[in-house]
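# Sequence and predicted structure below; questions after.
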Amino acid sequence: MIDMHSHILHGVDDGPAKLEESISLLKQAVSEGITGIISTSHAYHPQFDVKKEVVIKQVQSLNALAKDLNLPIQIYTGQELRLKDNTASEIISDAALTLAGSKYVLLELPSQGIPAYTIQIIQDLLNQNKIPIIAHPERNKAIAEKPSRLARLITHGALAQVTAGSLAGHFGRSIQKTALQLVDAHLVHVYGSDVHNSSTRPFLYNKGLDYLDKQKRHELTDILLENNSRIITNQDFILLEPEELEKQNWWKIFS
């Protein structure tokens, strides 16, 4: 399995403080059955701006350590890019990292809303054959209040990622409910842990999958995990056809 959203580099953002903690997270990932993990440190965030070169260097070091420790896991480069008006140009100019060197880009909206220029950035990226993935939309206040706002971004060509901890109930029942609604509405396409540490922001990777299984969302779970793998191979995602969405009357979920 692939985890496409993680904060495992030490001493750079709000992830692990020390190298030993990074190694501990890798061991936990292996115990959860994760074989590949994309490191997505914060960039262009008000508090954290981890540069591309730092990510590349640390990922190389972690891969070497994982090999020395016989950990069956591969770490890939990436960044979680806080949305700004110049985000598209940073990606297009190769100043920022895509996910595992693919065409997919992980974008983080401000927690309270959706900037007016978001759709323009989506279009600019698509015009350069880059595909934006909106990180954890279920935790965005504006989307939680009116999920059709995410549907609008998806209509314009963006994709979205749901977080394991949200489905596992780690952030509360309200966010858990919103996360499941977005899954049911086919408004999220990939699944990530967004792990930061072992205590307050753990993996919960399998716990989130177990919740989906208990809710009998087996087919949707398979699609999320398959799309995770398709990032690594830079393939197009499995996307449900619009007529299937219409059959499910997905817009009524949020009425």
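Received the coordinates, thanks.

# At which residues are the strands of the stretch 51-200 of the chain located?
Along the stretch 51-200 of the chain, counting by DSSP state E, counting those that start in this stretch, strands occupy 74-76, 79-82, 104-108, 131-134, 159-163, 190-192.

# on contacts alone, who are the packing partners of the second one?
Using 3 or more C-beta pairs under 8 Å, 6 or more residues apart in numbering; DSSP states H and E, the elements in contact with strand 79-82 are strand 41-43, helix 87-92, strand 104-108. From N, CA and C alone the C-beta is placed, and that goes for glycine too.

# Go again with 6 Å.
strand 41-43, strand 104-108 (3 or more C-beta pairs under 6 Å, 6 or more residues apart in numbering; DSSP states H and E).

# right, and the ones you listed - which one's nearest Ala142?
strand 104-108 (13.6 Å; C-beta to C-beta).

# Name the residues of stretch 149-162 that come out as buried.
Residues of stretch 149-162 classed as buried by neighbour count (16 or more other C-beta atoms under 10 Å): 149-151, 153-154, 158-162.

# and that stretch, how far apart are its ends?
16 Å (C-alpha to C-alpha, to the nearest Å).

# residues making contact with it?
Stretch 149-162 has contacts (C-beta atoms under 6 Å, 6 or more residues apart in numbering) with 5, 114, 119, 122, 126, 132-135, 137, 142-143, 179, 187-192.

# how much space between Leu69 and Asn228?
Note on Leu69: its distance to Asn228, by C-beta to C-beta, to the nearest Å, is 24 Å.

# Mind checking which of the two has more residues around it?
Ranked by neighbour count (other C-beta atoms under 10 Å), Leu69 and Asn228 place Asn228 first, with 24 against 12.

# quick one: contacts for that one?
2, 4, 190.

# What of His136?
His136 neighbours (C-beta under 6 Å, 6+ apart): Thr163.

# what about Leu109, neighbour count?
23.

# these two touch, right, it and Asn140?
Yes. At 5.2 Å, Leu109 and Asn140 qualify as touching, with contact defined as C-beta atoms under 6 Å.

# could you dump the buried residues of stretch 149-162 to CSV with distance to Gln74 and pLDDT?
Output for the buried residues of stretch 149-162, formatted as CSV (distance: C-beta to C-beta, whole Å; pLDDT from 0 to 100):
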residue, distance to Gln74, pLDDT
Arg149, 35, 91
Leu150, 31, 93
Ala151, 34, 91
Leu153, 30, 94
Ile154, 30, 93
Ala158, 27, 96
Leu159, 23, 97
Ala160, 24, 97
Gln161, 20, 98
Val162, 23, 98
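
# So which residues of the protein form helices?
19-31, 52-68, 87-92, 118-127, 141-145, 148-155, 164-168, 173-184, 205-214, 218-232, 242-247 (DSSP state H).

# what's the closest of the ones you listed to Ser102?
Ser102 sits nearest to helix 218-232 of all the helices of the chain, at 5.3 Å, using C-beta to C-beta.
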